[in-house]
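# Provided below for reference: sequence and predicted model.
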Amino acid sequence: MFYKDSEQVYRARRLERLPWLRHGFGTRQSGQWVTGGLATLRQIHSDLCVYADGRTGCLGQGDALVSDRPGQFLGVRTADCLPIFIVDERLRAVAAVHAGWRGTVRGICGKAVGAMQRRFGSRPENLVAAIGPGICGACYVVGPEVARQFKPWFAGRTDLEHRTTIDLAEANRRQLIEAGVPLENVVTGAPCSSCRPGDFFSHRWGPGRAGRMLSAIGIDA
């Protein structure tokens, strides 16, 4: 599903089928790999979606960028949180989502799908989503104050009132499916940022000191 190229950037094979799309999930070694106009946000672990509308630079606060304009990249920076790309294959619109636990419980992925529907007329059945490298379900240990907030997506679990592990990728996968994205169109299986400290920055390995990886998606001009 994912592979690392010569630029030390991870690519999702499903997204590479689209000749008009550019994308990549950064690593420790890839640095500022994007060339050209880049739009970013001051990420605040929210459910706020911002329309880029061809602008570049920091576009304010939020955790999802949405655009159908060619010639720019939408970027998110992560170190254990998930970079998630959502692509409308028919209308050529894209979203870049930053999903930590707070954004996940606020439904940031579903909000991004809704933003694409409102602005571009996207139909969820035409969307493809790729959940990029982030901390895996085996490594992400949280206290009960966090775990219990994931009950809407893990209703069958009996351990959420205790210290336990949470699979952020799975929670976001379920949110995307709830939003109408077909099961077969949600790409998972990216590497874990905590398991591979040589490849990725990880907040768990360097709290307060970890760098950030840049992941970005754009439409060819």
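It's in. Numbers count the residues shown, from 1 in each chain.

# The residue located most distally from the centre of the chain and Pro144: what is the separation?
Distance from the C-alpha centroid of the chain, by CA atoms, centre = their mean, peaks at Thr158 (27.6 Å). Counting by CB to CB, to the nearest Å, the gap from Thr158 to Pro144 is 12 Å. For the C-beta atoms, the positions are set from N, CA and C on the backbone; glycine is no exception.

# State the pLDDT value of the residue positioned nearest the centre of the chain.
For the chain, Ile84 is the residue whose C-alpha lies nearest the centre (CA atoms, centre = their mean; 1.8 Å). The confidence metric pLDDT takes the value 98 at Ile84.

# beta partners of it?
According to DSSP bridges, the residues that bridge with Ile84 are Val97, Ile131.

# Hmm, it is touching Gly132, no?
Yes - the criterion here is CB atoms under 8 Å, and Ile84 meets it with Gly132 at 6.6 Å.

# Give the burial count for Arg106, as a bare number.
Neighbourhood size, Arg106 [other CB atoms under 10 Å]: 18.

# Quick check: the residue farthest from the centre of the chain vs Arg14, distance?
With CB to CB as the criterion, Thr158 and Arg14 are 35 Å apart.

# still on that earlier bit, element containing the residue farthest from the centre of the chain?
Thr158 is part of no helix or strand, with elements assigned from DSSP states H and E.

# What ranges in this protein fall below the confidence cut-off?
Low-confidence segments of the chain, defined by pLDDT under 70, span residues 205-210.

# Packing partners of the longest helix seen in it?
Longest helix in the chain, counting residues (DSSP state H): helix 108-120. Under the contact criterion of 3 or more CB pairs under 8 Å, 6 or more residues apart in numbering; DSSP states H and E, helix 108-120 touches strand 49-51, strand 64-67, strand 82-88, strand 93-99, strand 127-131, helix 168-178.

# how far is it from where the chain is centred?
When distances are taken as CA atoms, centre = their mean, to the nearest Å, helix 108-120 is centred 14 Å away from the chain's centroid.

# what is the orientation angle of that helix with helix 168-178?
Using axes from the mean of the first three to the mean of the last three CA atoms, to 10 degrees, the inter-axis angle of helix 108-120 relative to helix 168-178 is 40 degrees.

# in helix 108-120, what's buried?
The neighbour-count check on helix 108-120 (16 or more other CB atoms under 10 Å) flags 108-117, 120 as buried.

# List the residues that contact the spatially closest residue to Asp159 that is not a sequence neighbour.
Among residues not flanking Asp159 along the chain, Ala147 sits closest, at 7.4 Å (CB to CB, 6 or more residues apart in numbering). Going by CB atoms under 8 Å, 6 or more residues apart in numbering, Ala147 touches 159-164, 166.

# in the host helix or strand of Ala147, what counts as buried?
Using DSSP H and E, Ala147 sits in helix 144-147. Within helix 144-147, the residues that count as buried by 16+ other CB under 10 Å are 146-147.

# hmm, back to that, to Asp5, which of the helices and strands packed on helix 108-120 lies closest?
The closest of those to Asp5 is strand 127-131. By CB to CB, the value is 15.0 Å.
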